[in-house]
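*Asks:* give me coordinates for this.
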Amino acid sequence: MPTPESSRLAGQFALVTGASSGIGAAVAKTLAAQGAAVVVNYIGNPDAADAVVQEIAAAGGTALAIMADVSKEDQVQAMFKQAVAHFGTLHIVVANAGIQVDSGFVDMTLAQWQKVIDVNLTGQFLCLREGAREFIRRGPQPEVSKALGKLLCMSSVHEVIPWAGHVNYATSKGGIMQLMKSAAQELAPQKIRVNAIGPGAIKTPINHDAWATPEAEAKLLTLIPYNRVGVPEDIGQLAAWLVSDEADYITGQTIFMDGGMTLYPGFATGG
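*Replies:* Numbering: from 1, shown residues only. The predicted structure follows:
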């Protein structure tokens with residue numbers, strides 16, 4: 001029998017980084033709607049994080065906001081310590097926090113390069129590592145989750161599609177792919193699943209200019225065969241399924257959710 005969505009993640013505790021807006025907020029709200037208690041991580045906007053927590057609570061869920069810069073090891077470790085002290089353990093970690101600092105390649109500074117790598121790639125490493133440590137410390141809870149724990153990376157279509165003017169960002173996402181796969185390979189014998197979602201164009205603040213006007217959206221749609229721009233809730237639904245027992249035999253995979261962007265639509269008419 002399929003698991004009812006409202007109880008799919010019942011009894012589980014999740015931590016979602018970068019969850020005060022955009023994809024992270026949608027993932028946190030969807031996990032909560034499907035039964036998990038959720039840590040809403042944020043860095044710069046406590047009011048936005050509190051709003052996500054309040055929305056989850058108003059819908060009957062449980063959430064806690066915790067501030068941490070995911071690029072800082074001490075802050076990540078403190079966040080996990082606080083989360084475990086509050087909830088007792090974690091079963092799900094969604095490493096979502098990410099930034100763009102765009103520049104042409106020859107003009108890109110080391111600081112621009114390093115900032116994106118620190119947040120997007122090192123930040124995911126730190127959160128996945130702390131999540132795995134907690135799963136192993138806690139031990140199996142088969143009545144709650146078939147897997148010992150679930151780690152989910154937020155990647156991008158740009159782990160496979162080059163992106164001129166965004167070399168730091170694309171490199172960070174390509175790195176996430178190998179981080180995810182290598183961790184999945186190593187942790188699978190301990191029944192820890194590691195996967196990634198590769199969003200395409202999603203209507204979030206990070207890419208607001210790409211879809212904010214009808215003209216911009218029309219241009220963007222030339223890259224999307226399915227002919228619509230995604231919304232954060234699309235990613236939230238996929239994330240909740242990927243960390244559920246229904247996806248228990250999936251590990252080491254990036255699931256692209258992109259309306260066909262990775263189909264290279266420029267070749268649809270023969271190239």
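
*Asks:* how near is L220 to A212?
*Replies:* Distance of L220 to A212, given as C-beta to C-beta, to the nearest Å: 10 Å. Every residue, glycine included, has its C-beta placed from N, CA and C.

*Asks:* so which of the two has more stuff around it?
*Replies:* Of the pair L220 and A212, L220 is the one with more neighbours under other C-beta atoms under 10 Å, namely 17 against 11.

*Asks:* what residues of the strand or helix carrying that one count as buried?
*Replies:* Element membership for L220 (DSSP states H and E) is helix 214-221. Neighbour-count burial for helix 214-221, counted by 16 or more other C-beta atoms under 10 Å, picks out E217, L220, L221.

*Asks:* same check, this time on stretch 84-99
*Replies:* Buried residues in stretch 84-99, counted by 16+ other C-beta under 10 Å: 84, 87, 89-99.

*Asks:* show me these that map onto helices.
*Replies:* Per DSSP state H, helices hold the following members of the buried residues of stretch 84-99: V84, F87.

*Asks:* tabulate the buried residues of stretch 84-99 (TSV), appending distance to S21 and pLDDT.
*Replies:* Formatted as TSV, these follow (distance: C-beta to C-beta, whole Å; pLDDT from 0 to 100):
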residue	distance to S21	pLDDT
V84	25	98
F87	23	98
T89	27	98
L90	22	98
H91	24	98
I92	20	99
V93	19	99
V94	14	99
A95	16	98
N96	11	98
A97	11	98
G98	12	97
I99	12	96
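
*Asks:* now the two most distant members of the buried residues of stretch 84-99.
*Replies:* Pairwise distances across the buried residues of stretch 84-99 peak at 29.2 Å for T89 and I99 (criterion: C-beta to C-beta).

*Asks:* quick one: buried residues of stretch 246-264?
*Replies:* A247, T251, G252, Q253, T254, I255, F256, M257, D258, G259, M261, T262.

*Asks:* which one of these is nearest to N120?
*Replies:* Nearest to N120 among those, with distances taken as C-beta to C-beta, is T254, at 14.8 Å.

*Asks:* alright, I will stop here.
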